[in-house]
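Student: Need the 3D shape of this:
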Amino acid sequence: KNDLQTWYHKKFDHAIRTQENLVESIYMSFLREYILARFASEGEDFVYIQKFPTLRIHFPNNLAVSGGHKDGDYLHPLGEVNYWLPLTPVFGNNGFWIESEPGKKDFKPIEPMKVGQVLRFNGNQCEHFNKVNDTGVTRASLDFRVIPASLYSSLWP
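Tutor: Residues are numbered from 1 along each chain as shown. Model prediction:
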């Protein structure tokens, strides 16, 4: 079962739409302080950022997102960088699995992670997926994508 269409997601989407200034303000503060500073330290003066983060809720005995995939399979542009921010502790199968390099198929779990940690990864080219959450504990997280302007092409499909 896929958990992307739950009551929680509808509430989160509603909060984003009706309280856009508050949610956007918190999100932008986080991006400026942590994410944009990182890109600036790498010499990137401008980046494109996903407008709102995606909420993921991984309930016990369910999948948060079905099936292994690479974001590039869904026409995300090359050079896009994924960020994953857990809102609850991550351990066991309430996290997700990812290969270390594109095509390597050496999947390892992303765990343990604490609230407040952020994972930067190449979800565009590295396959990643969830397993059924057998921990008995719900995991909530936000994810979003960033692409440096130097790698962005307006010709991308």
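Student: From now on I want contacts and neighbour counts done on CA atoms only, so please keep to that.
Tutor: Will do.
Student: can I get the CA coordinates of the one helix or strand in the chain whose mean pLDDT sits lowest in CSV?
Tutor: Least confident helix or strand of the chain, by mean pLDDT, DSSP states H and E, is helix 7-18 with a mean of 73. Only the C-alpha atoms of helix 7-18 are listed here, as CSV (Å, rounded to 0.1, in the frame of the first residue of the first chain):
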residue,chain,number,x,y,z
TRP,A,7,-5.4,12.3,5.6
TYR,A,8,-2.1,13.5,6.8
HIS,A,9,-0.9,14.4,3.3
LYS,A,10,-4.2,16.2,2.6
LYS,A,11,-3.8,18.2,5.8
PHE,A,12,-0.2,19.1,5.0
ASP,A,13,-1.1,20.1,1.4
HIS,A,14,-4.0,22.2,2.8
ALA,A,15,-1.7,23.9,5.3
ILE,A,16,0.8,24.7,2.6
ARG,A,17,-1.9,26.2,0.4
THR,A,18,-3.7,28.2,3.1
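Student: for the helix or strand just after it, packing partners?
Tutor: The helix or strand immediately downstream of helix 7-18 is helix 20-30, counting by DSSP states H and E. Helices and strands touching helix 20-30, by 3 or more C-alpha pairs under 8 Å, 6 or more residues apart in numbering; DSSP states H and E, are helix 7-18.
Student: Just want the angle from the helix it packs on to helix 20-30.
Tutor: Put simply, helix 7-18 runs at 100 degrees to helix 20-30, going by axes from the mean of the first three to the mean of the last three C-alpha atoms, to 10 degrees.
Student: So which elements touch helix 7-18?
Tutor: By 3+ C-alpha pairs under 8 Å, 6+ apart, helix 7-18 packs against helix 20-30, strand 54-58.
Student: Go through the ones you listed and pick out the most buried.
Tutor: strand 54-58 (a mean of 22; mean count of other C-alpha atoms under 10 Å).
Student: Dump the C-alpha coordinates for that strand into PDB.
Tutor: Output of strand 54-58 as PDB, limited to C-alpha atoms (Å, rounded to 0.1, in the frame of the first residue of the first chain):
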ATOM      1  CA  THR A  54       7.100  16.600  -0.100                       C
ATOM      2  CA  LEU A  55       5.800  15.000   3.100                       C
ATOM      3  CA  ARG A  56       6.400  11.200   3.400                       C
ATOM      4  CA  ILE A  57       4.700   9.200   6.100                       C
ATOM      5  CA  HIS A  58       5.900   5.600   6.400                       C
END
